[in-house]
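> Structure here, sequence nowhere to be found:
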């Protein structure tokens, strides 16, 4: 029976308290000199958010006709510092291990971090990770990497969602605008900085992002979550979880995202707005005590505006235009897990993924089929073996456009892999050695081996020291092997025919390689303080480089011009090294502080750009304070040093900047959360990085966003 009295009491308190809270937070920024108050909704935004939305949710609740408020509690996500450093992770060993006993530079973004940050997308949430380089290009595109080599498609970062790879083999990287989920349904995001190829395979070179969603059993009841503000217009998630039988649970969801465009250097709005609609379901069946089956799927469709600069053979030899691109796709994943005992488990997973999207006037379709088998068991009292094998088949259809053609319009790739890892206990509770390797065969570069060795020493219960040596590879993309695309055009002198620079892929382009050395130290001197320090030294070989490919040639038609040929080759090598330091401190029970500093040095040859597209210094500070009257004050500050583009890039330098986000959330009752955040508060607008497609610079504006979430 629906509890009307409880709901009405809760809603009756909403308008006054919410208005007072939002007014206290928002007014100082509205009054700041230079702040464009006319572009904001001012306190009326808070009134609409905190009064109209709860009323809307009341209607939704009546439709469901049930009360599940007791199943949701804010306190469930408020982990203590001691719980945070001992949280269980799976990305390092493909088995559950405490974070502070994992021999890798790993960080976890918890549901509490997601909820309190005010950030509304996966790439934005990765800003919370020490050492991660997250830079927004425009309203719908991001550059995300770890330990250097950042760019529009960061080709050395592997991203997985519930075990499904979302790495794009056409351009080598991730399309972040389509990797969207209901954030309240995320269990955690595990981020490994450094190679993870031994377990996860090719392209896990500088890092692995493993996004793990909650089971359907953990998301019972209904959720309505809406956010809107100066950029969001609005974004809404609706999810409902139920039970079909005593051991069969389901969840269905729909999410709509609508984002306004950003601004240019003069503050005028750009045409890079975007929207996406997605929906999906998940079933979790606990068939027996030892058997669990998961079936889930998603479908999405959206469009986004993109500024693109293309070379032309007439004055001014380049044209800038806004393309309205369409993206759509879907996936289906199934996973069966059989538990033999506490020390033995078998997992069989299969998925199909379809993506279809346009980029300027290029269209590409990728269909991927993947089957993966993994088995974990103990061998005696001192060894834990994890082994597995997988097969992946990809079909890629590339359509020619005005700026790019393909030597193979349709390509088919097969990937066979096997891996084995042995965790050896040398001294009980003190010294562990982990040895393993991935073995892969692909159609482009043949056989690849990616071994690693990790040593974990625990001199005391609250201290951990680890060292690691790993090899990883990045396999070629379609762009590097099969494409022919126009880069730039110019005229050497008046009256001369125009010159067109054209880059071609090369069938001889082979995998990039990394040999990585890492040293880490973790200590928890008290239950309220923890320190994590990692130092790394990376040696790269056969990195991608564009070089001349022969003498210029004259082309008579359709417009007479000279073609300067260039090609991809593996002519770049060098070293990077640096350190990442993070501290977590809880000075009192209701206050959590965290901070991090990362240093990155890059020395690549023969390219003289020593710090290509990545900042040398980054500093992060985060503060979460629980205030009286069920209020929370959340603060984040970021410093990013200057970014200098590589010499072969059309990108412009980006000056150092400081970003400040400040938010206030309120819990009028157990099932309702209301928040307002100011983001990028220290400047009207600033760039974070530049696009690889145009010299036009898009900048990130100051913004205000309000959010309402109701679980019932």
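Nice, thanks for sending it over. Note that the structure is predicted; figures quoted are calculated from it, not measured.
> quick one: the residue in the chain sticking out farthest from the centre from residue 136, how far?
Taking Cα atoms, centre = their mean, the residue of the chain most remote from its mean C-alpha position is residue 495, at 49.3 Å. Distance, residue 495 to residue 136, by Cβ to Cβ, to the nearest Å: 44 Å. The way it works is simple: take the backbone N, C-alpha and C, and place the C-beta from them, glycine included.
> and what of residue 668?
Counting by Cβ to Cβ, the gap from residue 668 to residue 136 is 33 Å.
> for the stretch 501-650 of the chain, which spans come out with low pLDDT?
608-612, 645-650 (pLDDT under 70).
> ugh, wrong one, the chain
1-82, 84-85, 361, 608-612, 645-652.
> mind listing the helices for it?
4-30, 42-47, 53-64, 81-85, 111-117, 122-125, 197-200, 478-482 (DSSP state H).
> ok, back up a step: and residue 668 and residue 136? Which one has more around it.
Legend: neighbour count by other Cβ atoms under 10 Å for residue 668 and residue 136, higher for residue 136 (23 against 20).
> contacting residues for the more buried one?
123, 124, 142, 143, 688, 689, 700 (Cβ atoms under 8 Å, 6 or more residues apart in numbering).
> Run the chain-centre distance for stretch 684-698.
How far stretch 684-698 lies from its chain's middle: 20 Å, per Cα atoms, centre = their mean, to the nearest Å.
> Endpoints of it, how far apart?
Terminal residues of stretch 684-698 lie 13 Å apart, using Cα to Cα, to the nearest Å.
> ok so, going back, among the contacts of residue 136, which lie within strands?
142, 143, 700 (DSSP state E).
> list the buried ones in stretch 592-607?
592, 593, 594, 595, 596, 597, 598, 599, 600, 602, 604, 607 (16 or more other Cβ atoms under 10 Å).
> do stretch 663-673 as well
So, applying 16+ other Cβ under 10 Å, buried residues of stretch 663-673: 663, 664, 665, 666, 667, 668, 669, 670, 671, 672, 673.
> hang on, the fifth one packs against residue 709?
No. Residue 667 lies out of contact with residue 709 (Cβ atoms under 8 Å); the separation is 9.9 Å.
> overlap in contacts of those two?
The contact lists of residue 667 and residue 709 share 673, 674, where a contact means Cβ under 8 Å, 6+ apart.
> separation between residue 502 and residue 496?
From residue 502 to residue 496 the distance is 18 Å (Cβ to Cβ).
> Residue 396 too?
With Cβ to Cβ as the criterion, residue 396 and residue 496 are 39 Å apart.
> okay, the two: which has more neighbours?
The neighbour comparison of residue 396 against residue 496 (other Cβ under 10 Å) goes to residue 396, with 23 against 11.
> ok, that one touching residue 354?
No. The pair formed by residue 396 and residue 354 falls short of the contact definition of Cβ under 8 Å, at 11.6 Å.
> Of the contacts of residue 136 - the most surrounded one?
residue 689 leads those on contacts (other Cβ under 10 Å) with 29 neighbours.
> Return the residues in contact with that residue.
135, 136, 137, 143, 150, 613, 643, 651, 654.
> Quick one: residues contacting the nearest residue to the third one once chain neighbours are set aside.
Closest residue to residue 137 apart from its sequence neighbours, by Cβ to Cβ, 6 or more residues apart in numbering: residue 691 at 5.2 Å. Applying Cβ under 8 Å, 6+ apart, one finds that residue 691 lies in contact with 137, 138, 141, 152, 307, 651, 698.
> which of those residues lies closest to residue 509?
residue 152 (19.4 Å; Cβ to Cβ).
> wait, doesn't the closest one sit right on residue 693?
Yes. Counting by Cβ under 8 Å, residue 693 is a contact partner of residue 152 at 7.4 Å.
> The stretch 301-450 of the chain: strands as residue ranges?
For the stretch 301-450 of the chain, the strands defined by DSSP state E, counting those that start in this stretch cover 318-341, 344-359, 362-379, 383-399, 404-406, 410-427, 431-442, 446-460.
> Now do the third one: distance to the chain's middle.
Spelled out, that is strand 362-379. 19 Å.
> Format the contacts of residue 689 as a markdown table; extra columns: distance to residue 286.
As requested, these are arranged in a markdown table below (distance: Cβ to Cβ, whole Å):
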| residue | distance to residue 286 |
| --- | --- |
| 135 | 43 |
| 136 | 41 |
| 137 | 43 |
| 143 | 41 |
| 150 | 42 |
| 613 | 47 |
| 643 | 49 |
| 651 | 51 |
| 654 | 50 |
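> the longest strand in the protein is where?
Assigned via DSSP E, the chain shows its longest strand as strand 561-588.
> so what strands line up beside that strand?
Taking DSSP bridges as the criterion, strand 561-588 pairs within the sheet with strand 499-504 (parallel), strand 529-548 (antiparallel), strand 553-555 (antiparallel), strand 591-605 (antiparallel).
> out of these, which comes closest to residue 406?
Among the strands paired with strand 561-588, the nearest to residue 406 by Cβ to Cβ is strand 499-504 (10.7 Å).
> Which residues does that closest one contact?
Contacts for strand 499-504 (Cβ under 8 Å, 6+ apart): 311, 313, 483-492, 546, 549, 552, 561-568.
> Quick one: distance of that strand to the chain centre.
That offset, for strand 499-504, works out to 33 Å (Cα atoms, centre = their mean).
> do the same with stretch 145-160
For stretch 145-160, the distance to the chain centre is 10 Å (Cα atoms, centre = their mean).
> Perfect, that will be all.
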